[in-house]
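In: Got a sequence here, can you build the structure:
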Amino acid sequence: MTNSNTGVNGAIGVIGLGNMGLGMVRTLVREGFAVIGFDLSGERQDEAARAGAAIVASQKELFKSCDTIILSLPTAAHVTAVLTGEGGLADGDGAPRLVIDTTTSEPDVTRNLDQILRPLGHILIDAPVSGGQAGANSGQLTMMVGGSDADFAKAMPVLTALGGKITHVGPVGAGHAVKIVNNMLVAAHLLTMSEAIRLGTAAGVEVEHLISALNAGSGRSAISEVNYPKWVMNGAFDSGFTMGLMRKDMRLAMALAAQKDVAMPVSELAGALWAKSADAFADDADFNRITEFEMTTDATGTHPIKAGE
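Out: Next up, the predicted model:
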């Protein structure tokens with residue numbers, strides 16, 4: 001089967017039907033693709049079926065049925081198991097597959113997986129995403145793609161269906177490196193923005209006026225322009241991205257910095273605050289809840305600097 005609009009052969013398989021994976025299923029079905037889904041959760045599979053996807057009983061069956069596979073999984077370990085573990089892609093019939101990994105994963109793990117899969121004829125590109133559940137459902141994700149020029153071009157029909165902003169950032173693994181950096185900045189911006197709000201309001205400025213002025217100035221960010229109005233100021237806290245996921249991403253950033261021997265004292269402080277926030281907010285809480293975290297010197301083990309020091 002060939003999708004008439006894209007020239008993509010066969011069905012597209014989606015492994016991992018969480019909030020992001022389900023959103024991508026809905027978008028792909030809406031764009032006219034035949035979609036096959038798999039997840040360990042029967043409830044998630046039922047939701048994907050209601051969205052128009054066919055469901056299979058195993059990832060091995062999905063690999064047999066699809067030339068293109070999208071992964072949307074929690075960690076690099078899950079990706080490794082799906083691709084190289086028992087019943088994984090490397091265990092299959094050997095027919096070439098295109099794998100688009102949208103997981104927030106680890107660059108070196110991705111490069112190692114590429115070295116395993118490429119001699120078998122498979123193509124692996126990393127295309128982690130930003131934009132949350134809303135972006136996945138609307139086909140307006142921001143995608144940071146790692147892979148060769150040829151592989152990037154091959155994946156573009158699918159990427160274009162899913163993404164509103166698609167940036168090719170380099171060879172395999174580069175996409176995952178950029179995503180880690182991106183989420184590290186988001187995590188830090190949430191902390192600095194919450195401090196800015198506290199300082200501004202303590203100085204007598206109303207939150208709405210403060211946000212409006214910041215968004216007209218050079219201090220603006222996606223946090224002030226999107227997160228605060230959409231999920232924080234109205235108390236919604238329903239972005240679809242959790243504290244646990246952001247804490248995981250900060251751990252990835254800190255591990256990458258240590259691995260590459262890059263000193264990041266400010267980001268390490270942010271990482272310590274996010275780790276400490278586990279005492280206040282469960283992993284399933286919305287990640288914007290960090291703005292409610294009472295940041296004190298005790299949270300980081302540092303001491304305040306007095307004026308004039």
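
In: Break the chain down into its structural domains.
Out: For the chain, automatic domain parsing gives the domain ranges 11-171, 177-299.

In: which of these sits most buried?
Out: Among those, domain 11-171 has the highest mean neighbour count (mean count of other C-beta atoms under 10 Å), at a mean of 20. Quick note: C-beta positions are derived from backbone N, CA and C, even for glycine.

In: tell me the mean pLDDT for that domain?
Out: Averaging pLDDT along domain 11-171 yields 96.

In: same deal with stretch 295-309?
Out: 45.

In: Using the three-state scheme, assign the residue nearest to Trp274 when sequence neighbours are not counted.
Out: Distances taken as C-beta to C-beta, 6 or more residues apart in numbering put Met250 closest to Trp274, at 4.7 Å, once the chain neighbours are dropped. The local conformation at Met250, judged by DSSP: H, G, I helix; E, B strand; the rest coil, is helix.

In: what sits against Met250?
Out: Asn183, Met184, Ala187, Ala270, Gly271, Trp274, Ala275 (C-beta atoms under 8 Å, 6 or more residues apart in numbering).

In: now the strands for the stretch 151-300 of the chain?
Out: 163-170 (DSSP state E, counting those that start in this stretch).

In: ok, for Gly164, nearest residue in space, not its chain neighbours?
Out: Closest to Gly164 by C-beta to C-beta, 6+ apart is Gln140, at 3.7 Å.

In: wouldn't the one you found be in contact with Gly163 here?
Out: Yes. With contact taken as C-beta atoms under 8 Å, Gln140 and Gly163 are classed as touching, separated by 7.3 Å.

In: Return the distance of the residue lying closest to Asp39 once chain neighbours are set aside relative to Ala222.
Out: Distances taken as C-beta to C-beta, 6+ apart put Leu17 closest to Asp39, at 3.8 Å, once the chain neighbours are dropped. Shown here: Leu17 relative to Ala222, a distance of 27 Å by C-beta to C-beta, to the nearest Å.

In: And for Lys260?
Out: 25 Å.

In: Can you tell me which helices and strands the longest helix seen in the chain packs against?
Out: When the chain is parsed with DSSP state H, its longest helix is helix 174-202. Secondary-structure packing of helix 174-202 (3 or more C-beta pairs under 8 Å, 6 or more residues apart in numbering; DSSP states H and E): helix 107-117, strand 123-126, strand 129-130, strand 141-146, strand 163-170, helix 207-215, helix 243-260, helix 265-276.
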